[in-house]
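Chemist: Show me how the following folds:
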Amino acid sequence: MSRATTAIFLLLALAGAAFPRALVAAVEVPPGFAPLFNGTDLSGWWGLATEDPATWQGLPPDQLAAKKAASRADIRSHWRVDGSELVNDGTGLYLTSDADFGDVELRLEYKTVAQADSGVYLRGCPQVQIWDTTEAGGKWNLGADKGSGGLWNNAPGAPGKDPLVKADKPFGEWNQLRVIMVGERVTVWLNGQLTVDHARLENYFARQLPLPRRGPIQLQTHGGEIRWRNVIVRPLGGDEALAILRAHGPERALHDALPAVFNGTDFTGWAGPVENYEIVDGAIQCKPGKGGTIYTTAVYADFRAHVEFRLPPAGNNGLAIRYPGEGDTAYVGMCELQVLDSEDPGYAKLDARQFHGSAYGLAAASRGYLNPLGQWNYEEVAVIGSTIRVELNGTRILDTDLAKILPPYLDDKQHPGKERTEGHFGFAGHNDPVAFRNVAVQAITH
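Modeler: The predicted structure is shown next:
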């Protein structure tokens with residue numbers, strides 16, 4: 001066994017990817033990558049159309065296995081292997097990986113023909129678009145004139161929908177596609193040129209909801225023969241994903257663009273019960289059994305904040321938003337954005353408005369996007385007027401307008417601070433050693 005093949009076995013074991021052993025063939029790939037197509041047959045693939053992952057990911061194992069088995073007859077009718085290439089005749093179901101992926105780097109090559117329309121689905125959601133970009137292809141009215149490599153199924157005008165450049169090669173030549181996906185954030189290079197720069201891939205099936213945390217890669221083809229080769233993937237580790245988010249946030253480099261409000265050494269610029277917190281390895285950490293809300297001496301109206309946090313088991317804290325400097329920020333501030341190990345069994349019966357990322361007691365965030373315990377999480381918060389957006393590890397989990405949220409609130413408690421237009425930013429400790437680092441806040445001026 002070659003070093004490359006040995007490395008692939010190790011990678012798959014560490015990543016926990018559900019690759020069939022047949023896929024790990026003697027296919028030479030760059031270090032860290034594994035082949036999705038083994039260059040020999042269709043092992044490790046099944047068939048799907050454009051189907052909401054929510055409709056099939058939750059099927060019982062036996063029903064999902066039956067769905068996959070039934071799809072393979074269609075796949076065998078329309079897909080074949082020609083040498084080291086996957087070939088589709090332009091019809092039928094889309095080739096879908098047995099393996100599911102979360103944060104990932106995908107590389108592949110494709111060659112298309114006139115009239116063909118294709119794309120790559122990520123986590124089972126459309127798509128990185130592949131066009132016949134000629135006027136004769138008849139789809140300039142849909143954006144084909146702009147080129148391939150965009151997130152075409154995003155809403156009109158949304159970042160990423162149209163590629164930044166047209167980078168397609170002529171018919172008959174191979175195109176190289178490279179995709180990096182962290183959370184919902186997707187970056188695409190087509191033939192070495194950047195076509196999508198860290199844009200959100202919207203959930204085509206339910207735009208108000210985030211993408212699934214994990215899902216398959218699909219090769220979509222219709223309208224004409226498309227060939228694929230050198231389809232390889234590399235799961236991204238937590239530290240690498242964190243670095244990508246930190247470097248590609250909306251203000252680009254975190255430390256260069258956003259004013260740091262925590263210097264990593266002491267509590268300069270902070271007020272409140274700072275004696276209940278400590279600095280551990282450059283992070284603010286609530287002392288066990290202690291709590292209270294500490295906050296920036298600066299006051300913010302509209303602002304954007306970035307913070308990294310790490311939770312202990314069952315850890316509970318919160319982000320104080322427009323806090324007045326005294327009282328319970330969940331009620332006297334605009335809100336408290338929960339920082340919580342929501343998946344701990346002890347929290348199983350909480351109200352949805354209490355889970356991580358929620359505006360406590362007011363608006364529920366989407367669950368399931370925290371990193372495993374012990375890993376750092378990356379969160380961005382944007383507060384503009386009465387609206388709040390929260391993005392966790394690259395996925396938008398809350399997008400709400402508190403002004404439109406009316407009683408009854410959680411436990412029928414009142415929220416007199418909900419309409420506050422300015423206040424401090426802070427941490428609302430609840431006795432657990434939750435840690436925060438790389439804390440930065442920027443006022444938004446209009």
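Chemist: switch to C-alpha atoms for all contacts and neighbour counts from now on
Modeler: Will do.
Chemist: can you give me the strands for the stretch 151-300 of the chain?
Modeler: Ranges of strands within the stretch 151-300 of the chain are 175-182, 185-190, 193-200, 217-222, 226-235, 270-271, 277-280, 283-286, 291-296, based on DSSP state E, counting those that start in this stretch.
Chemist: just the stretch 1-150 of the chain next, same as before
Modeler: 34-35, 45-48, 79-82, 85-88, 94-97, 104-111, 117-122, 125-130.
Chemist: neighbouring contacts of the second one?
Modeler: Spelled out, that is strand 45-48. 68-69, 71-72, 74-75, 93-98, 218 (C-alpha atoms under 8 Å, 6 or more residues apart in numbering).
Chemist: that older thread, would you tell me which of the strands of the stretch 1-150 of the chain gets closest to H446?
Modeler: Closest of the strands of the stretch 1-150 of the chain to H446 is strand 125-130, at 34.0 Å (criterion: C-alpha to C-alpha).
Chemist: Okay, now the sheet partners of that closest one, with direction.
Modeler: When pairing is defined by DSSP bridges, strand 125-130 lines up against strand 117-122 (antiparallel).
Chemist: contacts for the strand it pairs with?
Modeler: For strand 117-122, using C-alpha under 8 Å, 6+ apart, the contacting residues are 126-132, 215-224.
Chemist: Try it again at 6 Å.
Modeler: Q127, V128, Q129, I130, W131, I217, Q218, L219, Q220, T221, H222, G223 (C-alpha atoms under 6 Å, 6 or more residues apart in numbering).
Chemist: end to end, how far does stretch 377-396 reach?
Modeler: Taking C-alpha to C-alpha, to the nearest Å, the first and last residues of stretch 377-396 lie 13 Å apart.
Chemist: Just give me how far it sits from the chain centre.
Modeler: Stretch 377-396 sits 13 Å away from the centroid of its parent chain (C-alpha atoms, centre = their mean, to the nearest Å).
Chemist: Can you get me a residue count around the residue lying closest to L151 once chain neighbours are set aside?
Modeler: Closest residue in space to L151, ignoring its immediate chain neighbours: K161 at 4.4 Å, by C-alpha to C-alpha, 6 or more residues apart in numbering. Applying other C-alpha atoms under 10 Å, we find 25 residues neighbouring K161.
Chemist: So for this structure, which residue is the most central one in space?
Modeler: G183 (1.1 Å; C-alpha atoms, centre = their mean).
Chemist: Excluding covalently adjacent residues, which one is nearest to that residue?
Modeler: Per C-alpha to C-alpha, 6+ apart, closest to G183 is G394, 4.2 Å.
Chemist: Now do the same contact list for the one you found.
Modeler: Contacts of G394 (C-alpha under 6 Å, 6+ apart): V182, G183, E184, R185.
Chemist: What are the boundaries of the helices in this structure?
Modeler: For the chain, the helices defined by DSSP state H occupy 3-15, 53-56, 61-78, 238-247, 254-257, 329-332.
Chemist: now the third one: mean pLDDT?
Modeler: Right, helix 61-78. Helix 61-78 comes out with an average pLDDT of 97.
Chemist: Run a quick neighbour tally on G172.
Modeler: 11.
Chemist: From D117, how far off is the closest residue to it other than its chain neighbours?
Modeler: Spatial nearest neighbour of G172, excluding adjacent residues (C-alpha to C-alpha, 6+ apart): K111 at 6.4 Å. According to C-alpha to C-alpha, K111 stands 12 Å off from D117.
Chemist: Which one's more surrounded, the two?
Modeler: Neighbours around K111 and D117, counted as other C-alpha under 10 Å, are more numerous at D117. The numbers are 23 against 19.
Chemist: Identify the bridge partners of the more buried one.
Modeler: H222.
Chemist: Quick check: the gap between it and G291.
Modeler: 57 Å.
Chemist: What of G147?
Modeler: The value you get for G147 to G291, if C-alpha to C-alpha is used, is 54 Å.
Chemist: Those two: which has the busier surroundings?
Modeler: Under the criterion of other C-alpha under 10 Å, the comparison of G147 against G291 puts G147 first, with 24 against 21.
Chemist: who's in contact with that one?
Modeler: By C-alpha under 6 Å, 6+ apart, G147 lies in contact with T133, K166.
Chemist: one more time with 7 Å, if that's ok
Modeler: Residues near G147 by C-alpha atoms under 7 Å, 6 or more residues apart in numbering: W131, T133, P163, K166, A167, D168.
Chemist: Return the backbone torsion pair for the first one.
Modeler: Backbone geometry at W131, expressed as degrees, to the nearest 10, gives phi -110, psi 160.
Chemist: Go ahead and confirm it touches D145.
Modeler: No - using C-alpha atoms under 7 Å, W131 is not in contact with D145; the gap is 8.7 Å.
Chemist: Settle it for me: which of the two has more neighbours?
Modeler: Counted by other C-alpha under 10 Å, W131 and D145 do not tie: W131 has more neighbours, with 25 against 17.
Chemist: what residues go with each domain of the chain?
Modeler: 3-236, 250-443 (automatic domain parsing).
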